[in-house]
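In: Quick check, what structure comes out for this input:
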Amino acid sequence: MKGIEIVPEAGGTGLVQVVSSDAGRVLQVLDDPENGTTVVIQHSGQVTAIYGRLNESEVQVNDWVEAGDAVGSLKETGNDQPATLYFAVKEGEQYVDPAEVVALD
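Out: Numbering: from 1, shown residues only. Sure, this is the predicted structure:
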C-alpha cells in the first residue's frame, strides 16, 4: 500500500480545505501528472506525509505548519465523480498504512 484515497464531505462552497496531520516542514510542492498538485511535509521521527490531488496549495517549500493548518484545497469537479484526496505516509523510505500513523475519522 502506497497511499489511500479519501473522499471528503464538501461544504456548500464546493471547496474542501485539506489540513496537515501534524506539525512539520514543507519539503515539496509540485505538480504531479498522476496526483495533481502535491504537498510533501516532513514530520518528526522521519515521518513524511504526502497530500495529493489538490486543486491548489496554500503552502510553499520550507514553510512550517502545525497540525490542522491548511496545506491546500480540493474542488468539486461538478460531475458524478467527487474530489478525492490522495494521502500517503512514509517512515524513512518505506510507505506505511496511514491509519497506523494518523487517526482517520
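In: Okay, Gln17 and Gly3: tell me how far apart.
Out: As judged by C-beta to C-beta, to the nearest Å, Gln17 and Gly3 stand 19 Å apart. C-beta here means a position set from N, CA and C on the backbone, and glycine is covered the same way.
In: So which of the two has more stuff around it?
Out: Between Gln17 and Gly3, counted using other C-beta atoms under 10 Å, the more crowded position is Gly3 (19 against 14).
In: What residues does the more buried one make contact with?
Out: By C-beta atoms under 8 Å, 6 or more residues apart in numbering, the contact set of Gly3 is 50, 52, 86-89, 95, 98.
In: among those residues, which are in strands?
Out: Among the contacts of Gly3, the members found in strands (DSSP state E) are 50, 52, 86-89, 95.
In: Farthest-apart pair in the residues you listed, please.
Out: Farthest-apart pair in the ones in strands among the contacts of Gly3 is Gly52 and Tyr95; separation 13.1 Å (C-beta to C-beta).
In: anything in contact with each of those two?
Out: The contact lists of Gly52 and Tyr95 share 3, 88, where a contact means C-beta under 8 Å, 6+ apart.
In: mind checking the SS state of the nearest residue to Val19 once chain neighbours are set aside?
Out: Of all residues not flanking Val19 in the chain, Gly68 sits nearest, at 5.1 Å (C-beta to C-beta, 6 or more residues apart in numbering). Using DSSP: H, G, I helix; E, B strand; the rest coil, the structure places Gly68 in coil.
In: any chance of the ones in strands among the contacts of Gly3 in TSV, plus pLDDT?
Out: Below are the ones in strands among the contacts of Gly3 laid out as TSV (pLDDT from 0 to 100):
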residue	pLDDT
Ile50	96
Gly52	93
Tyr86	92
Phe87	93
Ala88	95
Val89	95
Tyr95	93
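In: Turn the residues you listed into CSV, columns for distance to Gly24 and neighbour count.
Out: Shown next, in CSV, are the ones in strands among the contacts of Gly3 (distance: C-beta to C-beta, whole Å; neighbours: other C-beta atoms under 10 Å):
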residue, distance to Gly24, neighbour count
Ile50, 12, 21
Gly52, 16, 22
Tyr86, 18, 19
Phe87, 14, 19
Ala88, 14, 20
Val89, 12, 23
Tyr95, 17, 14
